[in-house]
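Enquirer: make a model of this:
(one chain, ligands or ions: 1)
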Amino acid sequence: MARSPSSILHPPSSKVAVLDIDFHHGNGTQQIFYTRGDVFFASIHADPAREYPYFAGYADERGAGAGLGYNLNLPLEAGVSDERYLAVLEIALEAIATFGAHYLVISAGFDTFGGDPIGDFALSSAAYPAIGRRIAELGLPTLVVQEGGYAVAELGENLAGLLRGMLI
Ligand SMILES: [Zn+2]
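Expert: Okay, here's the model as predicted:
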């Protein structure tokens, strides 16, 4: 039987999680999905009290209406190490697993790198394969969208590291 256009546009059981690992809060993505309960948004980023976008990305922004509880902000201090970042990543991944996502979208920023001229985290290049491996362990069909990253000399290596980690 042919599927109707409406079943194609709105397939059953299509819960999507967006995980934003860019250094900056994903304020636009948060705003788009803030009142939806079928899209879970998690963002690990610099505390907006000190970094762009300043007006959004605080931990108490948890969604509204049907989306209440489906928005998770994990703002962090300056100088975040690989170990600290991976521990916080676990919190985001556990929340995504609990949500029961069928698909995952990664907003993949690399301005978390220690050598980035804009960010103030301290991740090493070794962090990205580890991040990719943990993301892949969710076992979800995953779309990676490249976002920020301004340490141009290391950007390719860091991106390749994330993707290598996801293939393990
Ligand atoms: Zn950024």
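Enquirer: part of a strand, is Leu72?
Expert: Yes. Assessed with DSSP: H, G, I helix; E, B strand; the rest coil, Leu72 lies in a strand.
Enquirer: how close does it get to Pro53?
Expert: 17 Å (CB to CB, to the nearest Å). The C-beta positions use only the backbone N, C-alpha and C, and glycine is treated the same way.
Enquirer: the two: which has the busier surroundings?
Expert: Leu72 (22 against 14; other CB atoms under 10 Å).
Enquirer: measure how buried the closest residue in space to that one that isn't next to it in sequence is and give me the count.
Expert: In space, and not counting its chain neighbours, Leu72 is closest to Ala42: 4.3 Å by CB to CB, 6 or more residues apart in numbering. Using other CB under 10 Å, Ala42 is surrounded by 25 other residues.
Enquirer: does Ala42 sit in a helix, a strand or a coil?
Expert: Assigned with three-state DSSP, Ala42 falls in the strand class.
Enquirer: quick one: low-confidence ranges for this protein?
Expert: Within the chain, the segments meeting pLDDT under 70 span 1-13.
Enquirer: please, which helix or strand holds the closest residue to the ion within it?
Expert: In the chain, the residue that lies nearest the ion is Gly148 (2.9 Å; CB to the ion). Following DSSP states H and E, one finds Gly148 outside all helices and strands.
Enquirer: quick check, it in contact with Ser107.
Expert: No. Using CB atoms under 8 Å, Gly148 is not in contact with Ser107, being 9.1 Å away.
Enquirer: so which of these two has more stuff around it?
Expert: Legend: neighbour count by other CB under 10 Å for Gly148 and Ser107, higher for Ser107 (22 against 19).
Enquirer: relative to Gly69, how far out is Met92?
Expert: Not Met; residue 92 is Ala. Ala92 is 14 Å from Gly69, by CB to CB.
Enquirer: ok, those two, which is more surrounded?
Expert: Neighbours per residue, other CB under 10 Å: of Ala92 and Gly69, the larger number sits with Ala92, 22 against 13.
Enquirer: that one contacts Ile44, correct?
Expert: Yes. Shown here, Ala92 and Ile44 form a contact pair, counting by CB under 8 Å, at 5.9 Å.
Enquirer: quick one: common contacting residues for those two?
Expert: Common contacts of Ala92 and Ile44 (CB atoms under 8 Å, 6 or more residues apart in numbering): Leu19, Leu74.
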